[in-house]
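In: Attaching a predicted model along with its sequence, questions to come.
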Amino acid sequence: VVTKKNPAPYPPGPRGWPLIGNVLDMPRVNPWVAFTEWGQQYGDITHIEVLGRHIIVLNSVKIAMEMMDRKSTLYSDRPVFPMVGELVGWKDSLAFLSHGDQLRRQRRNLQRVIGSRAAVDVYNAIEEVETLRFLKCVLAKPDRLREHIRHTTGAIILRISHGYEVKENDDPFVDLADRVTTEVSQGQLGTFLVDILPFLVKVPAWFPGAGFKRIAREWRGALEEMVSAPHDFVKDQMAAGTAPTSFTSNLLEGSNISAEEDHTVKWSAFSLYAGGSDTTVSALYSFFLAMTLFPDVQKKAQAEIDAVVGPDRLPSFADRDYLPYTEALVKEVLRWSVVIPTGIPHCVTKDDIHDGYYIPKGSLVMPNISFMLNDPRTYANPSQFNPERFLAKDGKEPETEPRTICFGFGRRICPGVSDSHQLTNNILTFACFSCTGIYLAEASIWISTAMSLAVFDISKVIENGVEITPEVEPLPGGISHPKPFKCSIKPRSATALGLIEQDAN
Ligand code: HEM
């Protein structure tokens, strides 16, 4: 038998067993913990093999950029996701698409809507109005913070994607989207055995152990509804001549839209929603957690906002360039509480040799973003919450911009950011982040941060005379959320109360 000899060694990693390889090493929950340990033990590029599939884990930003940004033509495909992609049906949404025409068309659609400052500026007014509504909801029911964050995030994206105005409470689309995005996050690659043993896809649903098929069927129903219902809503409104301008109505305008084009628009709009909602919710909830835990940081940001904005109005996007500490605070939230700890796996389209290691075609590449944002080589005292690290001071340069890391790499970088990241050296691109554009992914985080701090004091709750300190513990899932916590949120003053109670329109 002629065996093809590997042109170079695989990267190091935990030693597998005969026949089954590293099946038992593949972490099923919180994979970043094991990935970080591998990094410490074996180095920045590690390798495991699970039933013939090679998995490469990266624990260094530099290597992730050299591999996934610089060689993006090789490193930008997506693997097959047996559970959520195939069985549930996410394979048509942008984040799961393989190379091809659909991928190009959907990314182009998103780029048109959210990829430039001009495009995003159009949506700033929506974000400001919805965030004021958020302040009112928090004032009325502070103990339901998490729901308000979900509701507001949903309201902003649904207006952009489908021109849909959400209902004040229990909106059906927000609730559905919440369910669908939570489910996909719970189904991250590796959680279900079928991802590790893909032949199980063929097992009949009645077969013992095939419970994942029932779960997949339920999830699929909710997904189909979430993809189609808002799309049909826009089409009905367009037919009646009442559709407000939105991503979907813009793209559907004009006669004779082919069925294929209709499909692309429907799934691009869904991808916008699916990509932007749960992620933003996670970041905003983390912001409130950080403010509960770090009152000194909160006071500093409030002092800055008070000095620049004054007491008579709420901050707006126009103030952003004049609030460097608040900007640094948003960066620190994105670094400290990692939204997508191990990114979304990329798939390699051609054999490669990187840093002397063999990376075979078809390998999955997983950036351990969680470690990269906590790497002591990049960030001083990474466990400390310290926005000042992002401010130049006494001749010290700011530390690495976390947005060069937390939004992923190469051609699959989060389109909520900017495609220019992949075209140039991304350090340079991001140095201009705040001057060249405000992008959707963090515009709503910024405005919520600035407006909330302007009017609220966020602190620990006192129960029966005891101050409750929330635990910092992420819930499991591809998109990581802080474990639900209690905090006290009160208006800072009578003037602040007046600002919250002003008319939202
Ligand atoms: C704090 C907010 C966000 C974070 C941390 C985040 C992070 C990420 C990451 C790490 C990826 C994977 C990139 C890769 O494969 O290398 C990604 C992909 C994606 N994101 Fe975001 N994202 C955020 C907000 C958004 C928003 C607001 C939108 C939509 C407007 C969005 C839409 C998407 C989509 C559609 C993809 C898949 C792209 C593709 O596969 O080509 N995200 N995001």
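Out: That came in fine, so what should we check first? Numbering: from 1, shown residues only.
In: Surely A95 and G276 touch.
Out: No - A95 is not in contact with G276 according to C-beta atoms under 8 Å; the separation is 11.2 Å. All C-beta spots, glycine's among them, are computed from the backbone N, C-alpha and C.
In: Who has more neighbours out of the two?
Out: Just comparing A95 and G276: by other C-beta atoms under 10 Å the higher neighbour count belongs to G276, 25 against 20.
In: Run through the residues that contact the more buried one.
Out: Applying C-beta atoms under 8 Å, 6 or more residues apart in numbering, we find G276 in contact with 153, 157, 416, 440-441.
In: any idea which helix or strand carries it?
Out: Assessed by DSSP states H and E, G276 sits inside helix 259-293.
In: Could I get the buried residue list for that helix?
Out: Using 16 or more other C-beta atoms under 10 Å as the test for burial, helix 259-293 gives 263-293.
In: tell me the SS of the residue nearest to Y379 when sequence neighbours are not counted?
Out: Distance criterion C-beta to C-beta, 6 or more residues apart in numbering; nearest residue to Y379, sequence neighbours excluded, is E399 at 5.5 Å. Under DSSP: H, G, I helix; E, B strand; the rest coil, E399 falls in the coil class.
In: go on, D457?
Out: strand.
In: Count the neighbours of it for me.
Out: Using other C-beta under 10 Å, D457 has 17 other residues around it.
In: Specify the beta-bridge partners of it.
Out: Beta bridges link D457 to K490, judged by DSSP bridges.
In: low-confidence ranges in the stretch 51-200 of the chain?
Out: 114-121 (pLDDT under 70).
In: how does it look with 90?
Out: Residues of the stretch 51-200 of the chain meeting the criterion pLDDT under 90: 51-53, 81-82, 107-126, 160, 167-171, 175, 177-178, 181-200.
In: Now do the strands in it.
Out: Using DSSP state E, counting those that start in this stretch, the strands of the stretch 51-200 of the chain run over 53-58.
In: In it, which residue sits closest to the ligand?
Out: Nearest residue of the stretch 51-200 of the chain to the ligand, counting by C-beta to the nearest ligand atom: A95, 3.5 Å away.
In: What is the helix or strand following the helix holding G276 packed up against?
Out: Using DSSP H and E, the helix or strand that directly follows helix 259-293 along the chain is helix 295-309. On a contact count with 3 or more C-beta pairs under 8 Å, 6 or more residues apart in numbering; DSSP states H and E, helix 295-309 meets helix 259-293, helix 324-336, helix 440-455, strand 456-459.
In: quick one: the second one to helix 259-293, angle?
Out: The one in question is helix 324-336. Here helix 324-336 runs at an angle of 110 degrees relative to helix 259-293 (axes from the mean of the first three to the mean of the last three C-alpha atoms, to 10 degrees).
In: quick check: angle from helix 324-336 to helix 440-455?
Out: Using the same axes, to 10 degrees: helix 324-336 against helix 440-455 is 120 degrees.
In: Which other helices and strands does the next helix-or-strand element following helix 324-336 contact?
Out: Using DSSP H and E, the helix or strand that follows helix 324-336 in sequence is strand 346-347. When contacts are defined as 3+ C-beta pairs under 8 Å, 6+ apart, strand 346-347 packs onto strand 364-367.
In: re the thing from before, in contact with the residue of the stretch 51-200 of the chain closest to the ligand: list those residues for me.
Out: By C-beta under 8 Å, 6+ apart, the residues touching A95 are 78, 271, 274-275, 344, 412.
In: could I get those residues as JSON lines with distance to V330?
Out: Shown next, in JSON lines, are these (distance: C-beta to C-beta, whole Å):
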{"residue": "R78", "distance to V330": "29"}
{"residue": "S271", "distance to V330": "24"}
{"residue": "A274", "distance to V330": "23"}
{"residue": "G275", "distance to V330": "19"}
{"residue": "I344", "distance to V330": "22"}
{"residue": "R412", "distance to V330": "23"}
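In: I'd like to know how far the residue of the stretch 251-400 of the chain found nearest the ligand sits from E327.
Out: Per C-beta to the nearest ligand atom, G275 is where the stretch 251-400 of the chain lies closest to the ligand, at 2.2 Å. Using C-beta to C-beta, to the nearest Å, we find G275 at a distance of 23 Å from E327.
In: Residues touching stretch 162-181, excluding its own?
Out: For stretch 162-181, the surrounding residues in contact (C-beta under 8 Å, 6+ apart) are 150-151, 154-155, 158-159, 219, 222-223, 225-226, 229-231, 233-234, 237, 243-249, 269, 273-274, 277-278, 479.
In: what residues does the stretch 301-450 of the chain put near the ligand?
Out: Residues of the stretch 301-450 of the chain found near the ligand (C-beta under 6 Å from any ligand atom) are 339-340, 343-344, 346, 406-409, 412-416, 440-441.
In: Can you pick out the most distant pair from these?
Out: Pairwise distances across those (C-beta to C-beta) peak at 22.6 Å, for the pair H346 and L440.
In: Show me just the buried residues among the contacts of G276.
Out: Among those, those classed as buried by 16+ other C-beta under 10 Å are 153, 157, 416, 440-441.
In: Now tabulate the residues you listed in CSV and tack on distance to L58.
Out: Below are the buried ones among the contacts of G276 laid out as CSV (distance: C-beta to C-beta, whole Å):
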residue, distance to L58
T153, 30
I157, 30
G416, 22
L440, 27
A441, 22
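In: neighbours around S383, how many?
Out: Should you count by other C-beta under 10 Å, S383 turns out to have 10 residues around it.
In: Quick check: pLDDT value at the residue lying closest to it once chain neighbours are set aside.
Out: Spatial nearest neighbour of S383, excluding adjacent residues (C-beta to C-beta, 6+ apart): N374 at 7.2 Å. Note on N374: pLDDT of 98.
In: Tell me if I'm right that N374 and Q384 touch.
Out: No - using C-beta under 8 Å, N374 is not in contact with Q384, being 10.6 Å away.
In: So for those two, which sits in the more crowded spot?
Out: N374 (17 against 12).
In: tell me the SS of the more buried one?
Out: N374 is classified as coil under three-state DSSP.
In: Could you report the neighbour count for A454?
Out: A454: 24 surrounding residues under other C-beta under 10 Å.
In: go on, L197?
Out: Residues lying near L197 (other C-beta under 10 Å) number 14.
In: what sits against it?
Out: Counting by C-beta under 8 Å, 6+ apart, L197 touches L51.
In: likewise K299?
Out: Applying C-beta under 8 Å, 6+ apart, no residues contact K299.
In: S161 contacts S271, correct?
Out: No - in this structure S161 lies outside contact range of S271 using C-beta under 8 Å: 9.2 Å.
In: thinking again about what came up before, from T378, how far off is the residue nearest to Y379?
Out: 7 Å.
In: got it, and S249?
Out: Using C-beta to C-beta, S249 is found at 43 Å from T378.
In: and what of L453?
Out: Here L453 is placed at a distance of 27 Å from T378 (C-beta to C-beta).
In: Show the contacting residues for the residue lying closest to P12 once chain neighbours are set aside.
Out: Excluding the flanking residues, the one nearest P12 by C-beta to C-beta, 6+ apart is Y42, at 4.2 Å. By C-beta under 8 Å, 6+ apart, the contact set of Y42 is 11-14.
In: Identify those among those that sit within helices.
Out: Assignment to helices by DSSP state H places none of these there.
In: rewinding a little: ok, so of the buried ones among the contacts of G276, who is nearest D195?
Out: G416 (25.7 Å).
In: Now do the same for the residue nearest to P12: its pLDDT.
Out: pLDDT, Y42: 97.
In: And it, how far from the ligand?
Out: 22 Å (C-beta to the nearest ligand atom, to the nearest Å).
In: distance of whichever residue of the stretch 401-505 of the chain sits closest to the ligand from T342?
Out: The ligand sits closest to G408 of the stretch 401-505 of the chain, with a gap of 2.3 Å, by C-beta to the nearest ligand atom. Distance from G408 to T342, counting by C-beta to C-beta: 11 Å.
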